[in-house]
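Q: have a look at this prediction, sequence included:
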Amino acid sequence: MRRQDDGRDPAGARRLAAWLIGLALLAAPSGPARGEALAQVRGVVHVHTDFTTGELSLDEIVGRAREQGIEAIFLSENYLLRVAYGLYPFRALLSVREEEPSVLGRGPERYLAMVAAARQRAPGVLIVPGVEVIPHYWWTGSPFAGDFTVHDLQKNLLVFGLSTPAALRTLPATGSPATARYSAESVLEALPVLLLVPGLRLLRRRPTRRRLADRVVVVQTRRHWLGGGLLCAVAVGTLVRGLPFTTDAFSPYEELGTAPFQELIDVVEGQGGAAVWSFPDAFDYGEERVLGLRVRRTTDPYGDDLLRTFRYSGFGGAYEDVTRFPQLGDGWDYLLGQYARGERSRPAWVLGESGFHGEGEGKWIGAAETVFLVPAKSEAALVAALRRGRVYAVRRTERRTTPVLDGFTVVAGDRTGISGDTLAAPPGAPLTVRAEVRVSDGSAQSVQLSLIRNGGVVRVWTGPTPLAIEHREAFDGVPAFFRVVVRGPGGSYILANPIFLRPPGAP
C-alpha cells in the first residue's frame, strides 16, 4: 500500500513519536545555539572493505584516508548479498542461489568487533559502521524460455546509526530474517518432506516373489532401493534446502514498487538512524550465463523513487559520474520545494558518495566527500549532522587539494541559519545570504558560485579564491529555500544543503 507523508504511521505510536521528535529538531527556527562552534569534518561515505566485497582491509582503508586528510569513514558493507530463483511450487527444493560475503552472512557481531578493533588502532579517524541494503529485487522471465531478468539489484539504501547486532538484524530486505514469515506457500514447499514416509517404507519392506523353477518353488526377497532411495533423497533435500520453510514478505517474484524501500526507511527512522538513497542516477545493465540459461540484470536510474518515498535522510548526489537528480530545477529542487511548502515532513539532504571498493581503474578514496558540520568529533555527532542536513557534498578531482565552503548562512532579522535550518521570517523582512569559498592549500583558483532560490538562479559570482559573496533581498513571504553550488578547478564542485524560510505560522 502506498504511504502518504501525513505524519500518521500505521506501525504505531513509537514511530509517530520518533517522527514528531525528528520534525521538531529539523524545524528548529535558528542556526547553531548561541556559543556553539561547529567544526568541519571531512568524511567519505559508502566504503567497502574486504569484510564483504571490497579489496582492502579496514586498516588499509584508514591509511588511505589519512593520506587524503580524511577524518571520518562511513562504512557501507553489504548487508545481504544473496540472489535466488526457485521454480514454483517447490521453490525451496528447485532453486539456484548465488551469494557473496555479507554482514548477515558473516555475522553482525564479527562486523562490529572488526570496527571496534580498528578504532582502537586508529583513534584519530572516526569509523562509522553502516550497511548497504538491497530492499527488494524481483524476477521476470521463465526457465522454459531460457531467459530471465533480475531487476533492481543496484537500487540500494545505505543505513547508518544502527550499531548493535540486534538493530542490524531488524532491517527488512528480500531474503533477510526480518521479512521471513509463514504462509500457505510454506506448507506447499514443505510437502515433498512427506515423501520420506513412503521412501522409508520401501527401504524397510521385504517384498516376496515366488516363481516355479523345475517344479520347485523359489522364494526371493528384495528391497526397493531405487524407488525408496529416490523418495528419501527428495525429502531430505527439501529439508536441507527449505528449513525453516518461511516465505518472504518481499517476494522476489513480483514487482512491489516502493513499499519495501519505504518499510526499510521507516524501520531505520524509528530507531534513530539515517537511511540514504545510494547513487539514484546510476544504472546497471549486464548479462551472464547460469546453468546454460541467459540471466540479465537491470537497474534503471531511480530518481523518481526519491519523490515517492518519505522520511529518509538523504541521497548520494555528488560522485564520480554524471548526476541528474540534484541538477538545477530537477528532482531535488522539486522535493525541497515540497518541504518548504509544508507538503513533506522531512527534506532530503545531498551527500558526496564514494562507493569505494578498491583502487583499480584509477579509483581513490577521496574523490567524493561529505563534509560534516559538528560541535564534537564523534560518531553520534556525525550521524546527527547527516540527519539534520549540516553537511555539504564535494566532488574532488585533485588528490592534493579540495575546495572548501568556509561558510554559508542566511540572516533573517536577528536569526541566522546554516545548512539544514528553517528560519521563520515575516514578509518584508530583510534577508542577507553570505558564502565563502577557498581551496585547501590556500592557492588562488578560479571558481564560480551560484546562489539558487527555489530552483532558480538568483546570481552567479566568478573570481579567484578565496571568494566571499553577499546577497541582499526582502523576504516576500512565500516559503522558500536557498542553496549554493560551487564549480571549481578541474571539474570539482560543491553542493551545499539548503536553508529554508517560512513566514510565522506556516505549516
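A: Now that the structure is in, tell me what you want to look at. This structure is a prediction, so every number in the text was calculated from the model and none was measured. Numbering: from 1, shown residues only.

Q: mind listing the helices for the chain?
A: Secondary structure of the chain (DSSP state H): helices at 13-26, 58-67, 103-106, 108-121, 165-169, 184-190, 196-204, 225-242, 259-270, 303-308, 331-340, 379-388.

Q: tell me which of these lies nearest to Trp277.
A: Nearest to Trp277, of all the helices of the chain, is helix 303-308, at 5.7 Å by C-beta to C-beta. Where you see a C-beta, it was placed from the backbone N, CA and C, and this is true even at glycine.

Q: on contacts alone, who are the packing partners of that closest one?
A: When contacts are defined as 3 or more C-beta pairs under 8 Å, 6 or more residues apart in numbering; DSSP states H and E, helix 303-308 packs onto helix 331-340.

Q: coming back round to it: out of the helices of the chain, which one sits most buried?
A: Greatest average neighbour count among these goes to helix 259-270 (a mean of 23), per mean count of other C-beta atoms under 10 Å.

Q: now the angle between helix 379-388 and that one, please.
A: Put simply, helix 259-270 runs at 130 degrees to helix 379-388, going by axes from the mean of the first three to the mean of the last three C-alpha atoms, to 10 degrees.

Q: what helices or strands is helix 259-270 leaning on?
A: By 3+ C-beta pairs under 8 Å, 6+ apart, helix 259-270 packs against helix 13-26, strand 157-160, strand 274-277.

Q: now do 10 Å
A: Packing partners of helix 259-270 (3 or more C-beta pairs under 10 Å, 6 or more residues apart in numbering; DSSP states H and E): helix 13-26, strand 130-133, strand 157-160, strand 274-277, helix 303-308.

Q: which elements pack onto the third one?
A: By that I understand strand 157-160. The contact analysis (3+ C-beta pairs under 10 Å, 6+ apart) places strand 157-160 against strand 39-47, strand 72-75, strand 130-133, helix 259-270, strand 274-277, strand 314-318, strand 349-356, helix 379-388.

Q: what residues of it count as buried?
A: By 16 or more other C-beta atoms under 10 Å, the buried positions in strand 157-160 come out as 157-160.

Q: output the residues you listed as TSV; include the columns distance to Val234 and pLDDT.
A: Listed next are the buried residues of strand 157-160 as TSV, based on distance: C-beta to C-beta, whole Å; pLDDT from 0 to 100:
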residue	distance to Val234	pLDDT
Leu157	39	98
Leu158	42	98
Val159	40	98
Phe160	45	98
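
Q: any idea which of those residues is closest to Val478?
A: In terms of C-beta to C-beta, no member of the buried residues of strand 157-160 lies closer to Val478 than Leu157, at 33.0 Å.

Q: was I right to think that closest one contacts His46?
A: No. Using C-beta atoms under 10 Å as the test, Leu157 is too far from His46 to be in contact (11.0 Å).

Q: ok, which of the helices of the chain comes nearest Arg42?
A: Arg42 lies closest, by C-beta to C-beta, to one member of those: helix 58-67, at 9.1 Å.

Q: mean pLDDT lowest where, among the helices and strands packed on helix 259-270?
A: Here the lowest mean pLDDT among the helices and strands packed on helix 259-270 goes to helix 13-26, at a mean of 37.
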